[in-house]
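Colleague: Sequence first, then the predicted structure, then my questions.
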Amino acid sequence: MLPRLWPAVHSLGWIVLTLAAAEAIMAGVAYGGGDGEGSAFAIGAAISFLAGAAAVTTTKGRPFELNFRDAVILTVAAWLVVPVFAALPFLLEPTDLSPVDAIFEMVSAVTTTGSTVMTGLDAQPPSLLLWRSTVQWLGGFGIIGLALIILPFLKIGGMQLFRMEFTDRGDKALPRVRQIARALGQIYLGLTVACFIVFLLLGMTPFDALNHAMTTVCTGGLSTHDMSFGYFESDALHWAAVVFMTAGAIPFMAYLRIVGRGSLRERIEPQIPVLLAIMGGVSALLAVYLLASGEFTDVGEAVTHATFNVVSIVTTTGYASSDYTAWGEFAILVFFLITFIGGSSGSTSGGIKIMRFQIVWATILQQIRRLIHPHVVQPIRFGGRPVGDDQVLSVAVFVVAFLGLVAIGALLLSLTGLDFLSATSGAAQAAANVGPGLGHIIGPSGNYAALNDVQKLILCALMILGRLEILSVLVLLSARFYR
């Protein structure tokens, strides 16, 4: 049975029209700033408007309610279509990127990965840099909606465990979704404004503060400088970024829950202490290593750089304060391993995510107890709630699928001639939506410009599959989904 596509096409048309409006606004910014990008954004806005208007008008007049199946189709289609229309200004003069490079840049932005093929960022037109940051910021909020609304219904990797009062299918579900989406949007915007003000007060220019505030809160990591966050020498700025990267990696529903009713234990999201403990423990270990190995002689400097880069990778933001691949083999191994962790479920972060690690660890402990006491019945619990066998299975399936995606991606990249370290770390960072890989080509001191088109397209596919939690794309291949 073929799915009805027109509800998704109609909704996608409105998304593209919204994108056209954003491009039109950016055209005004470019014309006002005189950076030469005004016509590129104006043409991009016109093309996006025509495509969006065509999608809306050809499906107009058919009353419908977007059901769950339509929403899944729309979600996957949006992450494929939006980067194409967002890339239009990059295709035109004076930037004139190739189609593959332009799409790669926007796929990286909208999935909040933060990989880039652009060089000489310090000399790029301001409107173009602002557009990258804006697309990444908008993508970050789209990810929150994906994690809170779509994925729990699909039971992807235990996402149904994430406490959401609005996921019931009653008549009041839609108003509650709208109310909570509005509240989450206000929190997202509020964190961004707060980050902007802090960055501004600590010495960033207004332009840098705006761009980095957007790409910090969304844990995206696109910067306006080739040196990434290493361009800023202030330790205070690095620690401020640590705070807001962490804020972006915390479940956004947790901000609503913390002001709710109940005991403090009930209101604290169980992923948060584990996330903080992992980041703090790895940072301390790395700082000790940096001091012992002589990479740094000042304790404060070692702690700052270790903490900043660990938090950046764990939260999948992808900023770098320095080239940590030059810190030795131990540091390289540490950063490769923490690439897979990710932030909390229900946040803008990518990766496997803390909740799944908690369930896997609880399952291991349960199996050990059963070996010692075969007849003891003690269910796995998460946040005080029992975890069913189907939820444990969904976590296991997701973890296997994620690692399989990384392995397949690494093999494909190796077939194209990429070296082992670049292929493996590149596949891992793309699937986890981290940004920088390892090695001299795609490491924190390099970028993805040197890769060929096939390699970039493979990474684009990995970024999208990783962002959509893999199974939400694979489910479209099942005939049962359409029944």
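Modeller: Arrived safely.
Colleague: all helices for the stretch 51-200 of the chain, in order.
Modeller: 68-86, 88-91, 99-110, 126-145, 151-154, 173-201 (DSSP state H, counting those that start in this stretch).
Colleague: starting at the chain centroid, how far to the last one?
Modeller: The one in question is helix 173-201. Between the centre of helix 173-201 and the centre of its chain there are 17 Å (C-alpha atoms, centre = their mean, to the nearest Å).
Colleague: Return the angle between stretch directions for that helix and helix 126-145.
Modeller: Helix 173-201 runs at 140 degrees relative to helix 126-145, counting by axes from the mean of the first three to the mean of the last three C-alpha atoms, to 10 degrees.
Colleague: again, but for the first one
Modeller: Interaxial angle of helix 68-86 relative to helix 126-145 (the same axes, to 10 degrees): 170 degrees.
Colleague: tell me the angle helix 68-86 makes with helix 99-110.
Modeller: 120 degrees.
Colleague: Output the helices of the stretch 51-200 of the chain as CSV; include the columns mean neighbour count.
Modeller: C-beta: built from backbone N, CA, C; applies to glycine. Compiled in CSV, the helices of the stretch 51-200 of the chain are given as follows (neighbours: other C-beta atoms under 10 Å):
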stretch, mean neighbour count
helix 68-86, 20
helix 88-91, 23
helix 99-110, 24
helix 126-145, 23
helix 151-154, 19
helix 173-201, 16
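Colleague: Return the backbone torsion pair for the residue nearest the centre of the chain.
Modeller: In the chain, the centroid-proximal residue (C-alpha atoms, centre = their mean) is Thr112; its distance is 3.9 Å. According to degrees, to the nearest 10, the main-chain angles of Thr112 amount to phi 60, psi 40.
Colleague: related to what we said a few turns ago, for Ile47, find the nearest of the helices of the stretch 51-200 of the chain.
Modeller: Judged by C-beta to C-beta, the one of the helices of the stretch 51-200 of the chain that comes nearest to Ile47 is helix 88-91, at 5.8 Å.
Colleague: gap between that closest one and the chain center?
Modeller: When C-alpha coordinates are averaged (C-alpha atoms, centre = their mean), helix 88-91 and its chain have centres 23 Å apart.
Colleague: Quick check: mean pLDDT of it?
Modeller: Over the span of helix 88-91, the pLDDT mean works out to 91.
Colleague: What of stretch 189-197?
Modeller: 96.
Colleague: got the CA positions of that stretch in PDB?
Modeller: The C-alpha trace of stretch 189-197 is given here as PDB (Å, rounded to 0.1, in the frame of the first residue of the first chain):
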ATOM      1  CA  LEU A 189      15.300  31.100  23.100                       C
ATOM      2  CA  GLY A 190      16.000  32.200  26.700                       C
ATOM      3  CA  LEU A 191      19.100  30.100  27.000                       C
ATOM      4  CA  THR A 192      20.300  31.500  23.700                       C
ATOM      5  CA  VAL A 193      19.700  35.100  24.800                       C
ATOM      6  CA  ALA A 194      21.500  34.400  28.100                       C
ATOM      7  CA  CYS A 195      24.400  32.900  26.300                       C
ATOM      8  CA  PHE A 196      24.700  35.900  24.000                       C
ATOM      9  CA  ILE A 197      24.700  38.300  26.900                       C
END
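Colleague: Please renumber the chain so that the first residue is 827 from this point on.
Modeller: In the new count, where the first residue is 827, that last one comes out as stretch 1015-1023.
Colleague: confidence score at Phe894?
Modeller: Phe894 carries a pLDDT value of 71.
Colleague: hang on, the earlier thing: can you redo the helices of the stretch 877-1026 of the chain as JSON lines with distance to Leu1237?
Modeller: Listed next are those as JSON lines, based on distance: least, C-beta to C-beta, whole Å:
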{"stretch": "helix 894-912", "distance to Leu1237": "23"}
{"stretch": "helix 914-917", "distance to Leu1237": "30"}
{"stretch": "helix 925-936", "distance to Leu1237": "20"}
{"stretch": "helix 952-971", "distance to Leu1237": "27"}
{"stretch": "helix 977-980", "distance to Leu1237": "27"}
{"stretch": "helix 999-1027", "distance to Leu1237": "37"}
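Colleague: Test for you: state the pLDDT assigned to the residue of the chain most remote from its centre.
Modeller: The C-alpha centroid of the chain is most remote from His1201, which lies 42.9 Å away (C-alpha atoms, centre = their mean). At His1201, the model reports a pLDDT of 75.
Colleague: tell me the SS of it?
Modeller: Judged by DSSP: H, G, I helix; E, B strand; the rest coil, the three-state class of His1201 is coil.
Colleague: Then Pro1262?
Modeller: Here Pro1262 is recorded as coil under three-state DSSP.
Colleague: got the contact list for it?
Modeller: The contact partners of Pro1262, taken as C-beta atoms under 8 Å, 6 or more residues apart in numbering, are Gly940, Ser941, Gly1144, Ala1146, Gln1255, Ile1268, Gly1269, Pro1270.
Colleague: And those residues, which is closest to Gly965?
Modeller: Gly940 (10.7 Å).
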